[in-house]
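Colleague: the following comprises the amino acid sequence and a computationally predicted model.
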Amino acid sequence: MSPHLLAALIAAPWLVLPLVVLWRLRGTPLLERGPAIAPANPPRVSVVLPARNEAVHIAACIASLRATTWPDWELVVVNDNSTDDTGALARVAAADDPRVHIIDAPPLANGWFGKQWACHTGVQRTTGSLLLFTDADTRHHPELITRLVAAREARHADLISVSGTQEMVTFWERAIQPVVFALILTRFGGTRAIEAARDPADVVANGQCFLITREAYDAIGGHDAVRETVAEDLMMAQCIVRAGRRVSLVLGRDHLSTRMYDGFDAIVRGWRKNVYAGGRLAMKGGFLGRLLFPLALVGFPLAIALPFLLLVPTWLLYLPTLHIASFYASVAMLLAFAGAAIFGRTPVWRALLAPIGALAFAGICAQAIARGRQVEWKGRAYTSA
């Protein structure tokens, strides 16, 4: 067997996996291709916006939501016991709009995560037949709600979420975030895979923006059903499927943007809180699967970085077959991340950051595993279910 053929066989996992992921993403609908005109008798959409210490984002988020073209809507902003000016800024941003309600969440109840408690509180003030949950660090295109309502009807979904543009400004955002998104896409796939899933562990929702019918929300028990888990969006999607209902996903690159974290420290705190404590709930295989999950979690980013790490040692030690295999695998990873960058409308050169981001994310995963189910976020400590 020639060295190049043997090298290709060794590198096969790195060569094949991106193609498998691409295949699983086929058919994922684009929000911009749906109708932008509301029907004659539109249902009311109640938007619930939980916010804790979001003074940096809250005004812009509310402004983007108020600009919606959907004719019948209301917005309930829940100030979740913020220690900054979130509540005051939200009231200014509401600008006496009678459709916008700013409320203060009661003290956090025992056994609840803060976000779920705020959402639960907000829902009590809503009147719509459709509920849209969104985060304060999001920005909404005026046509988002109109197109999303149409997409939910077209997909016959009880819950549909939007995967939008992820804003990445600093070096570490650009290096780490694509690796995390690659992990999520590899695990769950696109719309077809999610809609076809029968095992609840195979579905996911994007908590940054998802629309659910009130009937389905009440049927699964609302946020009370996921009050003790750090990944409430993931678990709510699982509850929908477990109830025999349908979850869907749509791409909204032009209609939703989010900057999740604003630098290295925020990235570490953010992903450390849920990548293990929440991710373990999406692991298949029961007890054995969850036992092996830490290896899989750290193994994924390390597998991305491994070919790059082996390039120089295999050349210095004159291991030509392994060197060629490392080269093939490295090129495959670069092409995969370059393709993702093109699709995400970001500079292609950022693909070069993948091995650095992968190593950094592996370290974050190790920290998350060491913490187990213990979660710290925005001044609160929890134990995730």
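Modeller: It's in. Numbering: from 1, shown residues only.
Colleague: so where do the helices sit in the stretch 101-250 of the chain?
Modeller: 114-123, 144-155, 171-188, 191-196, 214-219, 232-242 (DSSP state H, counting those that start in this stretch).
Colleague: burial measure for residue 141, as a count.
Modeller: 21 (other Cβ atoms under 10 Å). In short, each C-beta sits where N, CA and C put it, glycine included.
Colleague: for the closest residue to residue 37 other than its chain neighbours, give me its contacts.
Modeller: Nearest non-adjacent residue to residue 37, counting by Cβ to Cβ, 6 or more residues apart in numbering: residue 146, 7.0 Å away. Residues near residue 146 by Cβ atoms under 8 Å, 6 or more residues apart in numbering: 35-38, 68-70.
Colleague: circling back: of the helices of the stretch 101-250 of the chain, which approaches residue 258 most closely?
Modeller: helix 171-188 (10.5 Å; Cβ to Cβ).
Colleague: packing partners for that closest one?
Modeller: Helix 171-188 sits against helix 12-24, helix 264-274, helix 286-316, helix 320-343, helix 354-371, with contacts defined as 3 or more Cβ pairs under 8 Å, 6 or more residues apart in numbering; DSSP states H and E.
Colleague: and the shortest one, what's buried?
Modeller: Which is helix 264-274. Buried residues in helix 264-274, defined by neighbour count with 16 or more other Cβ atoms under 10 Å: 264, 267-268, 270-274.
Colleague: picking that back up, may I see the helices of the stretch 101-250 of the chain arranged in a markdown table, with distance to residue 287 and mean pLDDT as well?
Modeller: Converted to a markdown table, the helices of the stretch 101-250 of the chain look like this (distance: least, Cβ to Cβ, whole Å; pLDDT from 0 to 100):
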| stretch | distance to residue 287 | mean pLDDT |
| --- | --- | --- |
| helix 114-123 | 26 | 98 |
| helix 144-155 | 34 | 98 |
| helix 171-188 | 19 | 97 |
| helix 191-196 | 25 | 96 |
| helix 214-219 | 29 | 98 |
| helix 232-242 | 17 | 98 |
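Colleague: I'd like those as a markdown table, with distance to residue 98 appended.
Modeller: A markdown table is the format used below for these (distance: least, Cβ to Cβ, whole Å):
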| stretch | distance to residue 98 |
| --- | --- |
| helix 114-123 | 17 |
| helix 144-155 | 18 |
| helix 171-188 | 38 |
| helix 191-196 | 37 |
| helix 214-219 | 21 |
| helix 232-242 | 30 |
